[in-house]
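> Take a look and give me a structure for this.
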Amino acid sequence: MIEVHPDTTASHAATIHVHIDDRERASGMVDVFKEIRGVEVTIGRLPVGDYELNGKFLVERKTLMDFANSIKDGRLFRQACRLTASPLRPFLILEGTTSDLSGIGIRREALQGALITLSLILGIPVLRARDARESAQLMLFAARQVEALASGALPRKVRRPRGKQRVQLEILQGLPGIGPDRAMSLLKAFGSVGQIFNANLDQLLQVHGVGPVTARSIRWAVSEPMTDYRGMNDY
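Below you'll find the model as predicted:
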């Protein structure tokens, strides 16, 4: 695995050109991208998708609310089919937290079915982000990581830990922004997964390699309450 730290990459990576569909102006994403170093922004009408990265990647960005509504009105799969027909590499970003779906009136099974169709049947990767800024960082992170692989960067060979430590590291690498190096640093600093999950923002920031974006993402991932969909109606 190649580990790229999104907290620091923008300062030294090659410039990424982001072409934004003009209908995304109201989302505030234009301003978000313009605030990030190493990004060149243009705005215009895209025939499909919301963002084009370096003329290679095509991104459809949806809030969870819009995702649910697009399932109900059939718009999602029309858009998905157009994405797959593009010569560019497509992916979908779902933005928001589960609390955004409260009262939407769509069953959890319908959401899961849509995700299965998108990812396994149509082959469109689906990524999750908490807010607009994280969506932008995720797009750039994905583009840079794929570009790094394409340019010949090879994954580092890492000695695979055994036993309990291996399980702990695999759990930690399920958190946003955590690769093998950060997982090991966190485990060495706190001693256990439980202590990491209970750590506050300031404590996480004391760990080598953990910046504000990663620290906030960890706190979000381990503290977000579960939402119960069982009382929701069919669409």
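> From here on, just use CA atoms for contacts and neighbour counts.
Noted.
> strand partners of the helix or strand where residue 94 lies, parallel vs antiparallel please.
If you go by DSSP states H and E, residue 94 is part of strand 89-95. Sheet pairing for strand 89-95, assigned by DSSP bridges, gives strand 57-63 (parallel), strand 126-129 (parallel).
> avg pLDDT for the helix or strand just after the longest one?
Sequence order places helix 64-72 as the next helix or strand after strand 57-63, per DSSP H and E. Looking at helix 64-72 alone, the average pLDDT works out to 90.
> Show residues contacting helix 64-72.
Where contact means C-alpha atoms under 8 Å, 6 or more residues apart in numbering, the residues beyond helix 64-72 that reach it are 76-77, 94-98, 100-101, 104, 106, 111, 114, 235.
> hang on, the earlier thing: from the strands paired with strand 89-95, which stretch is densest packed?
With neighbours taken as mean count of other C-alpha atoms under 10 Å, the strands paired with strand 89-95 reach their highest mean count in strand 57-63, at a mean of 21.
> Dump that strand to PDB, keeping only the CA atoms.
Output for strand 57-63, consisting of C-alpha atoms alone and laid out as PDB, is shown next (Å, rounded to 0.1, in the frame of the first residue of the first chain):
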ATOM      1  CA  PHE A  57     -11.300  11.300 -13.700                       C
ATOM      2  CA  LEU A  58     -15.000  12.000 -13.700                       C
ATOM      3  CA  VAL A  59     -16.700  12.600 -10.300                       C
ATOM      4  CA  GLU A  60     -20.400  12.700  -9.400                       C
ATOM      5  CA  ARG A  61     -20.900  14.200  -6.000                       C
ATOM      6  CA  LYS A  62     -24.200  13.700  -4.100                       C
ATOM      7  CA  THR A  63     -25.300  14.600  -0.600                       C
END
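> tilt between that strand and helix 64-72?
100 degrees (axes from the mean of the first three to the mean of the last three C-alpha atoms, to 10 degrees).
> coming back round to it: just the buried members of the contacts of helix 64-72?
Applying a neighbour-count criterion of 16 or more other C-alpha atoms under 10 Å, the buried members of these are 76, 77, 94, 95, 96, 97, 98, 101, 106, 114.
> Let me know the closest of the residues you listed to residue 27.
The closest of the buried ones among the contacts of helix 64-72 to residue 27 turns out to be residue 95 (C-alpha to C-alpha; 11.8 Å).
> surely the closest one meets residue 131?
Yes - the pair residue 95 and residue 131 qualifies as a contact (C-alpha atoms under 8 Å) at a distance of 5.8 Å.
> rewinding a little: among the buried ones among the contacts of helix 64-72, which one lies nearest to residue 218?
The shortest distance between residue 218 and any of those, using C-alpha to C-alpha, involves residue 97 and amounts to 14.0 Å.
> hang on, the earlier thing: need the strands paired with strand 89-95 in CSV (columns: distance to residue 201).
Output for the strands paired with strand 89-95, formatted as CSV (distance: least, C-alpha to C-alpha, whole Å):
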stretch, distance to residue 201
strand 57-63, 26
strand 126-129, 19
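> between those strands, which gets nearest to residue 181?
Minimum separation from residue 181 across those (C-alpha to C-alpha) falls at strand 126-129, 21.9 Å.
> Residue ranges in this protein under the pLDDT threshold?
Along the chain, segments meeting pLDDT under 70 span 1-13, 150-162, 224-235.
> Domain ranges for it, per the record?
By the assignment in automatic domain parsing, the chain contains the domains 10-150, 163-223.
> for this protein, what spans make up the helices?
Assigned by DSSP state H, the chain shows helices spanning 29-34, 64-72, 75-85, 108-116, 132-150, 163-172, 180-190, 193-198, 201-205, 212-223.
> who's in contact with the last one?
So the one you mean is helix 212-223. Contacts made with helix 212-223 from outside it, assessed by C-alpha under 8 Å, 6+ apart, are listed as 6, 7, 175, 176, 177, 178, 197, 200, 201, 204, 205.
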